[in-house]
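> compute the structure for the input listed below.
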Amino acid sequence: MFDDIYKTIGEMSEGLFKDKGSRFISQLYPVNSEEEIKNILASLKKEHYNATHHCYAYTLGHVGVPAYRINDDGEPSGTAGRPIYGQLLSHQLKDVLAVVVRYFGGTKLGVPGLINAYKTATQLAIQDAIIIDKTIKDVYCVTFEYAFMNDIMQLLKKEYVSIKNNDFAENKYRLEFEVVRSKSDEIAGAFKTSQHGKLTFIRTY
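This next block holds a predicted model:
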């Protein structure tokens with residue numbers, strides 16, 4: 001059985017943590033691609049060009065095991081990116097980039113202090129975030145002859161199915177629809193049994 005629901009954030013959020021003069025500005029972003037992440041990081045580095053460090057972690061993808069990356073950006077290994085990522089994991093957030101920008105205050109915090117600072121800064125941004133549940137869906141298209149229209153519509157008349165697009169070409173209809181992922185096999189099986197249309201899987205999102 002698939003888990004249809006995952007947690008992410010609805011929009012950018014931020015937090016601020018201070019310790020011994022250092023400022024840790026945290027920001028969370030909903031993301032869908034590595035290209036989007038690169039653009040956000042580039043923009044932040046321009047905005048905070050005189051900051052000491054730009055540390056981050058992200059989790060990308062919500063089907064199977066998500067891709068992730070952590071970056072300490074010059075801080076001692078394991079003191080920045082990993083505690084940031086740990087907060088994303090503990091709150092079960094996916095498709096999220098978390099960045100913590102540090103302005104050094106003149107006093108070293110030590111390894112425990114840095115871990116606490118990056119962890120706390122990320123926590124504050126998560127507390128500020130609008131956390132939302134999203135449903136994983138599979139998208140299909142089915143092509144069929146007009147004579148089977150009623151049969152096809154009956155197969156798709158489910159609360160977990162949404163028809164998105166339809167068109168008519170070359171004496172055949174084409175319907176594009178999405179189905180809650182845990183019900184995907186059920187729908188595919190129904191089409192295989194009916195033999196009234198050709199079903200093609202498009203993508204999962």
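> pLDDT of stretch 122-131, averaged?
Throughout stretch 122-131, pLDDT has a mean value of 97.
> show me what contacts F168?
Applying C-beta atoms under 8 Å, 6 or more residues apart in numbering to F168 gives the contacts R174. Where C-beta positions appear, they are placed from N, C-alpha and C, glycine not excepted.
> secondary structure element holding it?
For F168, the host element (DSSP states H and E) is strand 161-169.
> list the buried residues for that strand?
Judged by neighbour count (16 or more other C-beta atoms under 10 Å), strand 161-169 contains these buried residues: V161.
> which parts of the following helix or strand past that strand are buried?
Read in the C-terminal direction, the helix or strand following strand 161-169 is strand 172-180, with elements assigned using DSSP H and E. Burial within strand 172-180, assessed by neighbour count using 16+ other C-beta under 10 Å, is assigned to 173-180.
> strand 172-180 - contacts with which helices or strands?
In terms of contacts (3 or more C-beta pairs under 8 Å, 6 or more residues apart in numbering; DSSP states H and E), strand 172-180 is packed against strand 137-144, helix 149-155, strand 161-169.
> pLDDT score assigned to the nearest residue to A51 once chain neighbours are set aside?
Spatially, and ignoring its direct neighbours in sequence, A51 is nearest to V101 (4.7 Å; C-beta to C-beta, 6 or more residues apart in numbering). Per-residue pLDDT puts V101 at 98.
> element containing V101, please.
For V101, the element it lies in under DSSP H and E is strand 96-103.
> by contact count, what packs against that strand?
The helices and strands touching strand 96-103, judged by 3+ C-beta pairs under 8 Å, 6+ apart, are strand 22-30, helix 34-47, strand 53-60, helix 81-90, helix 110-128.
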